[in-house]
Structures are given as C-alpha cells and as structure tokens.
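*Asks:* got a structure for you, letters missing:
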C-alpha cells in the first residue's frame, strides 16, 4: 500500500510539472523561433536544426529559468529559404535528447514570395468544445496557426493563474500535436488581456502580469516595443499578417490622429504599423485584431467603432499610399461574419470575423451592417485562409 501511494504521489508530481512544447513560433526565410518548457526545474538546453541528411546546420542555447516559468526560448538563424528541416532539443549537461521525433519538422518561408501558403485563424476557445476543431485544423496542415484572442480565457491579473491557463491551452493534446511542427503565433483579446471589455486604463494595474504570461508562452520575433504591448507581424511571403494590439495602449494618451480623442494603438504602434504597411512586399496584407473593426452595438467599448478616427485614418492611409491587397480580420463576438466594404481603400475591402472556436454563440451580435455579405451563428468555427501568388 505504501509503495502504491508513493507511486501515485510521484506520478502526480510529474504531471503537475507540465512540460510544454516544443512549439515553433515566428518563422522567416532564414530564421525560426521556438519555446520549450521541460518541467518545473532550471536546466541549460540546446536546440539543434538538422537538414534532410541528418546534419546539424544551426544551434541555439537557452536556459529554462524559474523567473520565466521555466520556459526556454530559442532563436535559430542561418537557414535556407523554402527549406524543410528537423529539430531536436538536448540537455546541455548530459547531451541527452529530451525532445525529439520525426514530427519535429518545419519549413522556412519562401524569400521569393512565390509559394502558395495557408493559415488557420481561430479565437474564443475552450478545452472541451475546441478539441475537435484542433483535430480538423491539424488535418489541413496550415503553414500558420494564429491564436487570435481569448486563446485562452484568463480573466485575472494573478500571474500564477495566467501561466497555468496558458500551459493548459498549449497542452491540450490535439493542439499540442499541431504546435510541434506548425508555426503558431497569437494576439490577445479582452479575456486573455485579463478583463472583459478591458483597455489600457481600466486594467492598467493587471496588464503587466498578463503580458508576462503571454510573452512566456508565445515564441514571437517581436513583442510590442519590447517593454509594452504585444503587437508583431508574420510574413509568410505572399501574405503578411499584422497582429495589432488595440488593448495595451488604449485610453492612456491623446490619439496620434486626433489629440481631442483618446488613443487606441498608441504612438509607437501607430508609427510602426504605417511604416510596416508601406514597406511590405507581400501581395496580401491582413490587418488582424482580437475584436472587430465595426460597432458591436452592445454596451461594450472594445471595438474599432469606439476608435473610429484611428480606424478611418488607417484605411485612408492605405488608400492614399495605394497599398494593395489589404484584408481585415477580427474575432471576439461569438458570431462569424463576412463583409465587403465597397471601394473603401480604392478597391473592395474584405473583412472577416471568425468566432467562436467553442460552442457559446451570441446571436444578438449578428447585427445589421450594409456591407454584410453573410453570417454564421454557429460554434466551433475557424477561418482557413489560402494565399496564392499566381493570377
């Protein structure tokens, strides 16, 4: 009896340690970003990238530290464009492989921007309801998985709980299988920012904790300006995603486009966005937020209609600078919708809302809009987007 009891205690301790990953994040033609949590202990690790002949072509070292919830981050450089690789993670001290397998593969993006690519975009998920959705996404083998907000639901500034919920999401078995070989990035909406209808002002005291947890459990090439916000972008070649953060900086300063109004994106993010859009070489550019670009028409204020002056200034900039291929994306409202805004940016502006990944729908938010083409008031939804460079 004592031996059995000790076994179960030991087993419980191992389970609670919760290894996470490995997970591949941001990816480029010559570089890749990864994260891995080996458990609840500090350890020096090395990630090796191997070519198809099994030769190590690049390595990166990292240490899993308690201050980062034992999450180690790796940045691999010196890779070849549009090339498939395998990777593994070693214990530096023993040289033993602690994360390996034939499924630990990835392919760098095409620097010529000639490849057809795909992305799966999802928001508002739960462990039980979204499990079959992850399975379907896995079958499609997208080039990118985008966790677009309320992924997961957090609703607390308690850092231990924030971390626990991020670990639980990435450890859901069908999702855990995807992130081993599919670049996975994200953005927050209100619930993973930490507060329903949250903004930079009404959650000012809690957002540092939720940002820390977010940064720990996303392997991005950029996290806002490095100290604030979590905006970033993902360039897949033919399509570039701009993951915008309308939460962190909102309500904290005068707007960059109208000093009589309050901010949404904040000065630094605004300047970064305009510069990045103008410099983008991608055929298509997806502007993505956790919320939606129109009025939700309820009592909440976390949509871009609240900040219409920044939304309109952004779209006017796209039109004035003749930036082609811009598409809008959002989530949040537990209803899926597709809108086309005629000639808004000099051409028709396509606007996708895809939500929820779980089963909890909100039919009252399926409101009238003159640009609405169709809507779907059903749960367990995700958007599968394909971008093809050929005419």
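*Replies:* Structure received. These numbers come from a predicted model, not from an experiment.
*Asks:* Look at the nearest residue to residue 197 once chain neighbours are set aside and report its pLDDT.
*Replies:* Of all residues not flanking residue 197 in the chain, residue 300 sits nearest, at 4.5 Å (CB to CB, 6 or more residues apart in numbering). Backbone N, C-alpha and C define where each C-beta goes, glycine included. What the model reports as pLDDT for residue 300 is 94.
*Asks:* can you give me the strands in the stretch 51-200 of the chain?
*Replies:* Along the stretch 51-200 of the chain, counting by DSSP state E, counting those that start in this stretch, strands occupy 56-64, 72-76, 84-91, 97-99, 105-107, 117-122, 145-147, 184-186.
*Asks:* tell me what the longest one is packed against?
*Replies:* Think strand 56-64. On a contact count with 3 or more CB pairs under 8 Å, 6 or more residues apart in numbering; DSSP states H and E, strand 56-64 meets strand 43-50, strand 72-76.
*Asks:* deepest of those, which one?
*Replies:* Of the helices and strands packed on strand 56-64, the one with the most neighbours on average (mean count of other CB atoms under 10 Å) is strand 72-76, at a mean of 21.
*Asks:* Pull up the pairing partners for that one, direction included.
*Replies:* strand 32-37 (antiparallel) (DSSP bridges).
*Asks:* Strand 43-50 and the strand it pairs with, what's the angle between them?
*Replies:* Counting by axes from the mean of the first three to the mean of the last three CA atoms, to 10 degrees, strand 32-37 lies at 140 degrees to strand 43-50.
*Asks:* neighbouring contacts of strand 32-37?
*Replies:* With contact meaning CB atoms under 8 Å, 6 or more residues apart in numbering, strand 32-37 is reached by 18-27, 45, 47, 49, 64, 69-76, 79, 87, 89, 99, 106, 108, 167, 183, 216-221.
*Asks:* what about stretch 63-83, distance to the chain center?
*Replies:* Centroid displacement of stretch 63-83 relative to its chain, using CA atoms, centre = their mean, to the nearest Å, is 17 Å.
*Asks:* What is the end-to-end distance of that stretch?
*Replies:* Counting by CA to CA, to the nearest Å, you get 27 Å between the two ends of stretch 63-83.
*Asks:* Report the mean per-residue pLDDT for it.
*Replies:* Here stretch 63-83 scores 98 as its mean pLDDT.
*Asks:* Would you mark the buried spots in that stretch?
*Replies:* By neighbour count on 16 or more other CB atoms under 10 Å, the buried set for stretch 63-83 is 64, 68, 69, 70, 71, 72, 73, 74, 76, 79, 83.
*Asks:* Format the helices and strands packed on strand 56-64 as CSV; extra columns: distance to residue 209.
*Replies:* As requested, these are arranged in CSV below (distance: least, CB to CB, whole Å):
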stretch, distance to residue 209
strand 43-50, 25
strand 72-76, 19
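*Asks:* do you know which of the ones you listed lies nearest residue 294?
*Replies:* Residue 294 lies closest to strand 72-76 among those, at 36.5 Å (CB to CB).
*Asks:* tilt between the closest one and strand 56-64?
*Replies:* Going by the same axes, to 10 degrees, strand 72-76 makes 160 degrees with strand 56-64.
*Asks:* got the angle for strand 72-76 vs strand 84-91?
*Replies:* Here the directions of strand 72-76 and strand 84-91 differ by 140 degrees (the same axes, to 10 degrees).
*Asks:* okay, now the domains of this protein?
*Replies:* Per automatic domain parsing, the structural domains of the chain span 2-107, 117-387.
*Asks:* Deepest-packed of these, please.
*Replies:* Greatest average neighbour count among these goes to domain 117-387 (a mean of 20), per mean count of other CB under 10 Å.
*Asks:* Report the separation between the two terminal residues of it.
*Replies:* Span of domain 117-387 from end to end, CA to CA: 5 Å.
*Asks:* How about stretch 50-58?
*Replies:* Terminal residues of stretch 50-58 are spaced 7 Å apart (CA to CA).
*Asks:* Then stretch 82-101?
*Replies:* This stretch, stretch 82-101, spans 21 Å end to end (CA to CA).
*Asks:* so how far is that stretch from its chain's centroid?
*Replies:* Distance of stretch 82-101 from the chain centroid (CA atoms, centre = their mean) equals 24 Å.
*Asks:* can you pull the contacts of residue 238?
*Replies:* Contacts of residue 238 by CB under 8 Å, 6+ apart are 113, 114, 115, 116, 117, 282, 283, 284, 387, 388, 389.
*Asks:* Please repeat the previous calculation with a cut-off of 7 Å.
*Replies:* By CB atoms under 7 Å, 6 or more residues apart in numbering, the contact list for residue 238 reads 113, 115, 117, 282, 283, 284, 387, 389.
*Asks:* same check, this time on residue 369
*Replies:* Residues in contact with residue 369, defined by CB under 7 Å, 6+ apart, are 294, 339.
*Asks:* now swap in residue 340 and tell me
*Replies:* Applying CB under 7 Å, 6+ apart, we find residue 340 in contact with 348, 350, 371, 373.
*Asks:* Relative to residue 162, which of those residues is nearest.
*Replies:* Taking CB to CB as the measure, residue 162 lies nearest residue 350 of the contacts of residue 340, at 34.2 Å.
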